[in-house]
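Chemist: Kindly generate the corresponding structure for this input.
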Amino acid sequence: MSTNDSNVSRVSSKNLVETAAANGSFDTLGKALEAAELTNVLKGTGPYTVFAPTDEAFEKLPKDVLSNWLKPENKAELISVLKYHVLPGRASAADVEKLTTPKMMQGQTATVTKDGDKLRIGAATITKADITSSNGIIHAIDTVNVPTKH
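Modeler: Sure, this is the predicted structure:
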């Protein structure tokens, strides 16, 4: 092993869902993933990169948006929104910075921009990068990105 393999020892044994739950900033995301029945996907082999809206990001949404998404009849829209926060593959913040319009799991592209030392995806700023898990990486974001409707 070369000295560059030090990242291997830092990878968590927890999967993305467990890592997010243990973090304490992603309770709303966890509830949304359960309602959308996406927890098994993010517990799978992956790897995935999750741009995870914090609880504060969900609080910024207009009053009834989240409660409407959580209703069973709106599950398809909730799944679309959540998948718009997942990038197939493992992308560190340094990798994300090199992307311009990555195609998200939901099918649409998101725009990555850099403003000074702030890295943004869509309307969201990455507030904490490179939270590692066994099957991917989480980047905390401060805004829920909503894909355009077709």
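Chemist: Just want the phi and psi numbers for the closest residue in space to residue 140 that isn't next to it in sequence.
Modeler: In space, residue 140 comes closest to residue 128 once its chain neighbours are excluded; the distance is 4.0 Å by C-beta to C-beta, 6 or more residues apart in numbering. To be clear about C-beta, it is placed using only N, CA and C from the backbone, and glycine gets the same treatment. Backbone torsions of residue 128, given as degrees, to the nearest 10, read phi -150, psi 120.
Chemist: Retrieve the pLDDT associated with residue 128.
Modeler: Per-residue pLDDT puts residue 128 at 97.
Chemist: Settle this for me: residue 38 is touching residue 79, isn't it.
Modeler: Yes. Counting by C-beta atoms under 8 Å, residue 38 does reach residue 79; the two are 6.6 Å apart.
Chemist: now the strands: where do they sit in the chain?
Modeler: Shown for the chain, the strands assigned by DSSP state E span residues 48-53, 86-88, 112-115, 118-121, 124-133, 136-141.
Chemist: I figured residue 96 was touching residue 138, is that so?
Modeler: No. Using C-beta under 8 Å, residue 96 is not in contact with residue 138, being 11.9 Å away.
Chemist: ok, those two, which is more surrounded?
Modeler: Summary of the neighbour comparison: residue 96 and residue 138, criterion other C-beta atoms under 10 Å, with residue 138 having more neighbours (25 against 22).
Chemist: does the more buried one really touch residue 16, like I thought?
Modeler: Yes. In this structure, residue 138 is within contact of residue 16 by C-beta under 8 Å, at 6.4 Å.
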